[in-house]
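A.B. asks: Give me the fold of what follows.
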Amino acid sequence: MNDDDSLRHDLDPQSDHSSDYLPHPHHSSHPIQPQQSHPQPQPQPRRPRGFAATAAGSAGPTSPSSTPTTNKGKREREKEKERTKLRERLRRSITSRMLAGLRQYGNFPLPARADMNDVLAALAREAGWVVEPDGTTYRHSPPPSQMAAAYQNPMGMRSVESPVSSGVKATNPSSMARIDESLSPASLDSVVIGERDTTATATATATATVTAATNNSVECLEMEAGDQLMHHLSNSISSGDHGIPTTALAYVPLYAALATGFINSYCQLVDPEGLRQELAHVQSLNIDGVVVDCWWGIVEGWSPQKYVWSGYRALFNIVREFKLKLQVVMAFHEYGRSESGDALIPLPQWILEIGKKNPDIFFTDREGRRNTECLSLGIDKERVLQGRTGVEVYFDFMRSFRTEFDDLFTEGLISAVEIGLGASGELKYPSFSERMGWRYPGIGEFQCYDRYLQQSLQKAAKLRGHSFWARGPENAGEYNSRPHETGFFCERGDYDSYYGRFFLHWYAQSLIDHADSVLSLASLAFDETKLIVKVPAVFWWYKTTSHAAELTSGYYNPTNQDGYSPIFEVLKKHLATVKFVCSGPQISSQDNEALADPEGLSWQVLNLAWDRGLTVAGENALSCYDREGCMRIVEMVKPRNDPDRHHFSFFVYQQPSPLVQGTICFPELGFFIKCMHGESAEDLVSC
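C.D. replies: Predicted structure coming up:
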C-alpha cells in the first residue's frame, strides 16, 4: 500500500478498527480479574483528555478497568501522529514540485531551501511589487492620476459623517491621513494620502468607543502627518519636480559613435570636411561627446610594434575644435559588413601571416573552422606572436596609445577608454558568426577547439581527476540548432550533468581569466582613466532552463546558476564600467518562438551590477530606431520605479552611417536626447 492509499485508509470513517480492541502483548501477563464483591456493573469512567491523558499515561494504570482505555488512547495518538507525518510528507512533495516548476519554467531565483515566504516574495516581485528583506511590501509608485490628485488636494483628508452624532463630523481613526513609510525613495516627492474605506456600521462603532484621550492622540498624529506631507510637497514643488520621479530628471550624458570610414587602412584621415559637418551636427543636437574606435588592424596593421597614429591625431584635433568629450575604443577585433561578409578592417596583416602557419591562434569550432574575428583566449600566455603573448600584444598597443596622446589625457579631452575583450568588442566568444552560417535565433557553437584551449581543457580535466572529460560536448548541435533539438541543451540535458557542469565552468572561467589579465594591464597603461567593458545582450532562449545561447557565448547562466556575478567581481576589481547593449524593439513573433526575454536579461544584468556597486552605461543595438524602441531604451536607462534611483552614467547612440546623412535615425532623435538630459521628463512620464 502506497502513502496515498494509507492516507485514504486512515481518513476513511468506515475503515476497520477492530484491531484496536485486541489485547496488547505488553499486558498479556496481567489479566483483568472480575470483581466478586460488586456484581452490579459500574459506569464506564470518562477517558481523560489533554494534559490529564498525558498525566494518566505517565502514572500508569490506577485500576485494572482503566487499562484497555489507556492502551486504546495511546494507539489512537500514535496513529494520529502517523497520519500527521503522512500528510506532512504529501504536503512537502507537492511543495517541492511547485518550487521546481517555478524555477524551471518561470525562471524564479528561489534558494535551494525555499519556504513559502520566498515563493510569495517572488510572486509579488513578478507582479510588480517591491518586497524588502524585512517583509515590507508595497507597489513601486502610485499612478500619475493619483499624483495629480494629491497635488490638487494636498491634505486629502475626508471627514466622515457619524450616524450617531446627528450632524457632528468626527474623523475616523482608521481613515486618518498618514504617510506610508514603505513608499520607495523614488516616489517620496509625490506622496499620496492613504485612506481606508470603512462602512457606516464600523464608523459608528469606532466613534462610540473612542475615548477623549484617543481622540487627542489621533489629532496629534494627523497634525504630524500633515506637517510631514507639507514638508515633502514644499520640497518637491520648490525643486520643480511636480510629481515626476527623480530618475526622469537625471542628466545622462549622450555620446554618438562616429562612423568607421573617416580613417582608412593606412591610418589617414579622409574627408575632414565631412567629419566637421558630422561633428557640427552632433553639436547642434546637444550631444555631449563622440566615441571613436581605434582599430588594431589599422594602427599596427603592417609590422609588429610599428604604430601609426597620424590619422587619429588629426581626427582628435578636429574633435577638440568642437569642444566635445571623447571616448576611445581599443578595438582588437575585426570589423566587417554582416550583409556582404566582406571584411572592411581585418586583424593586422602580420597576425594573419602568422595565422597561415599556425591557425590555432584563432578560435576554432568543432568542425575545425577558424574564426579570424579575434585572437583565441588560449594564446593569452603563449609566446606565439613573434615572441610575444596575446596579452603582451594588447598591452603594447594600449601603452603606445597612452604615450602618443598624453596631452589629450592631461587636458581631460579623453574621458574614458573602452577595452575590447572579444568578438565585436564585447566580452564573449565569437559563437554567433554569420560568416560561419549562423542566423538568429540559433544557439551558436562552442569555440574551444584550437590547440591551446584544448590543452587548457586537458589540464583542467586532469586536475579534476577525470582526464576523459578533456573534450567538448558531442551532442551540442550546430550554429542554427534549437535547444530541444540537442542532447546537451534540452530539458534535463547533459549541460546539467557532472561533465556538463565541469565543461561549462571551465569555458566561462577562461573568458573571465582573459578579462582579468587584459584589464590588469589596461589599468597600468591608462592609470586613473575610466575603463569600460561592453557586455553583450544574449537574450534569445533566455526562458529555457539551459540558456543555450548564453552558454555558447561564455556566460554560465542557466536557471540554477548566476553567470554574471563572477564577471562583475572582476570588473569591480578593476573599477570598470559595465556598458550593456540595450535591445529596443518590441518582442517579435520570431523572438517568441526563440523564448527570448530581453527585459528579463536586462533586469538580471543591471540589478546585479548595481548591487555590486558597479557603474552602468548603455549602447543601443543597430536595429533600434523607432519611437517605441526609443522609449524602451529610456525606460531602461532611467528606471522610473527603482527605489534606489539608479540610472546609467552615460549612453552611446550608434548607427552605421554618419548622423548628418540621416539615413537611419530615430524619427524623433531630438526628443530622445531631451529625455536623456532630463528636459522632457513630463512627456516621458506621460508616455
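A.B. asks: Helices of the stretch 251-400 of the chain, start to end?
C.D. replies: Taking DSSP state H, counting those that start in this stretch, the helices of the stretch 251-400 of the chain run over residues 272-284, 296-299, 310-321, 349-357, 390-404.
A.B. asks: out of those helices, deepest packed?
C.D. replies: For those, the stretch with the most neighbours on average is helix 296-299, a mean of 24; neighbours defined as mean count of other Cβ atoms under 10 Å. In short, each C-beta sits where N, CA and C put it, glycine included.
A.B. asks: Touching it from outside, list them.
C.D. replies: 263-267, 307-309, 311-312, 330-332, 334-335, 345-348, 397, 400-401 (Cβ atoms under 8 Å, 6 or more residues apart in numbering).
A.B. asks: how about 7 Å then?
C.D. replies: Under the contact criterion Cβ atoms under 7 Å, 6 or more residues apart in numbering, helix 296-299 has outside partners 263, 265, 267, 307-309, 331-332, 334, 345-348, 397.
A.B. asks: just for this structure, where's the confidence low?
C.D. replies: In the predicted model, the chain carries pLDDT under 70 at residues 1-70, 103-107, 112-113, 139-247, 337-343, 584-589, 622-627, 656-657, 660-668, 680-687.
A.B. asks: Swap in 50 and give it another go.
C.D. replies: Low-confidence segments of the chain, defined by pLDDT under 50: 3, 6-38, 51, 54-55, 58-59, 61-65, 142-242, 338-341, 684-687.
A.B. asks: for it, which helix is longest?
C.D. replies: Residue-count comparison of every helix in the chain, with assignments taken from DSSP state H, identifies helix 67-106 as the longest.
A.B. asks: can you put the helices of the stretch 251-400 of the chain in JSON lines and add distance to Ser467?
C.D. replies: What follows is the helices of the stretch 251-400 of the chain, written out as JSON lines (distance: least, Cβ to Cβ, whole Å):
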{"stretch": "helix 272-284", "distance to Ser467": "57"}
{"stretch": "helix 296-299", "distance to Ser467": "37"}
{"stretch": "helix 310-321", "distance to Ser467": "49"}
{"stretch": "helix 349-357", "distance to Ser467": "30"}
{"stretch": "helix 390-404", "distance to Ser467": "27"}
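A.B. asks: Glu418 reaches Val329, doesn't it?
C.D. replies: Yes: taking Cβ atoms under 7 Å as the definition, Glu418 is a contact partner of Val329 at 4.3 Å.
A.B. asks: quick one on the thing from earlier: could you flag which of the contacts of helix 296-299 are buried?
C.D. replies: The neighbour-count test (16 or more other Cβ atoms under 10 Å) applied to the contacts of helix 296-299 identifies 263, 267, 307-309, 331-332, 334, 345-348, 397 as buried.
A.B. asks: before we move on, the earlier item: out of the contacts of helix 296-299, which two are the most distant from each other?
C.D. replies: Between any two of those, the greatest separation by Cβ to Cβ is 20.0 Å, found for Trp309 and Glu334.
A.B. asks: after the longest helix of the chain, next one along is what?
C.D. replies: Once the chain leaves helix 67-106, the next helix or strand it forms, by DSSP states H and E, is helix 116-126.
A.B. asks: CA atoms of that following helix as PDB?
C.D. replies: Below are the C-alpha coordinates for helix 116-126, written out as PDB (Å, rounded to 0.1, in the frame of the first residue of the first chain):
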ATOM      1  CA  MET A 116       6.500  29.900   1.300                       C
ATOM      2  CA  ASN A 117       7.800  33.400   2.200                       C
ATOM      3  CA  ASP A 118      10.300  33.100  -0.600                       C
ATOM      4  CA  VAL A 119       7.600  32.000  -3.000                       C
ATOM      5  CA  LEU A 120       5.300  34.800  -2.000                       C
ATOM      6  CA  ALA A 121       8.100  37.300  -2.300                       C
ATOM      7  CA  ALA A 122       9.000  36.000  -5.800                       C
ATOM      8  CA  LEU A 123       5.400  36.100  -7.000                       C
ATOM      9  CA  ALA A 124       4.900  39.600  -5.600                       C
ATOM     10  CA  ARG A 125       8.000  40.900  -7.300                       C
ATOM     11  CA  GLU A 126       6.800  39.300 -10.600                       C
END
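A.B. asks: If you count neighbours, what's buried in it?
C.D. replies: Counting neighbours by 16+ other Cβ under 10 Å, one finds that the buried residues in helix 116-126 are Asp118, Val119, Ala121, Ala122.
A.B. asks: And stretch 490-505, by the same measure?
C.D. replies: With burial defined by 16+ other Cβ under 10 Å, the residues of stretch 490-505 counted as buried are Cys490, Gly493, Asp494, Tyr495, Asp496, Tyr499, Gly500, Arg501, Phe502, Phe503, Leu504.
A.B. asks: hang on, isn't the fourth one packed against Phe488?
C.D. replies: To tie it back to what came earlier, the one meant is Tyr495. Yes: the pair Tyr495 and Phe488 qualifies as a contact (Cβ under 7 Å) at a distance of 5.5 Å.
A.B. asks: how about the strands in the stretch 401-550 of the chain?
C.D. replies: Assigned strands in the stretch 401-550 of the chain, in chain order: 414-419, 530-535 (criterion: DSSP state E, counting those that start in this stretch).
A.B. asks: Show me where the stretch 551-687 of the chain has its helices.
C.D. replies: Ranges of helices in the stretch 551-687 of the chain, per DSSP H, counting those that start in this stretch, are 565-573, 589-593, 598-611, 627-637, 669-676, 681-686.
A.B. asks: Could you dump the strands of the stretch 401-550 of the chain into JSON lines with mean neighbour count added?
C.D. replies: What follows is the strands of the stretch 401-550 of the chain, written out as JSON lines (neighbours: other Cβ atoms under 10 Å):
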{"stretch": "strand 414-419", "mean neighbour count": "23"}
{"stretch": "strand 530-535", "mean neighbour count": "22"}
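A.B. asks: could I get those as TSV with distance to Lys79?
C.D. replies: Putting the strands of the stretch 401-550 of the chain into TSV (distance: least, Cβ to Cβ, whole Å) gives the following:
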stretch	distance to Lys79
strand 414-419	70
strand 530-535	60
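A.B. asks: right, and these - which one's nearest Arg320?
C.D. replies: Distances from Arg320 to each of the strands of the stretch 401-550 of the chain were compared by Cβ to Cβ, and the smallest falls on strand 414-419, at 10.4 Å.
A.B. asks: Quick one: residues in contact with the closest one.
C.D. replies: Applying Cβ under 7 Å, 6+ apart, the external contacts of strand 414-419 come out as 325-330, 405, 408, 518-519, 522, 526, 529-534, 579.
A.B. asks: and what of stretch 248-260?
C.D. replies: Under Cβ under 7 Å, 6+ apart, the answer for stretch 248-260 is 241, 278, 282, 287-293, 327, 335, 344-345, 637-638, 640, 647-648, 650-654, 657-659, 673, 676-678, 681, 684-685.
A.B. asks: Alright, that wraps it up for me.
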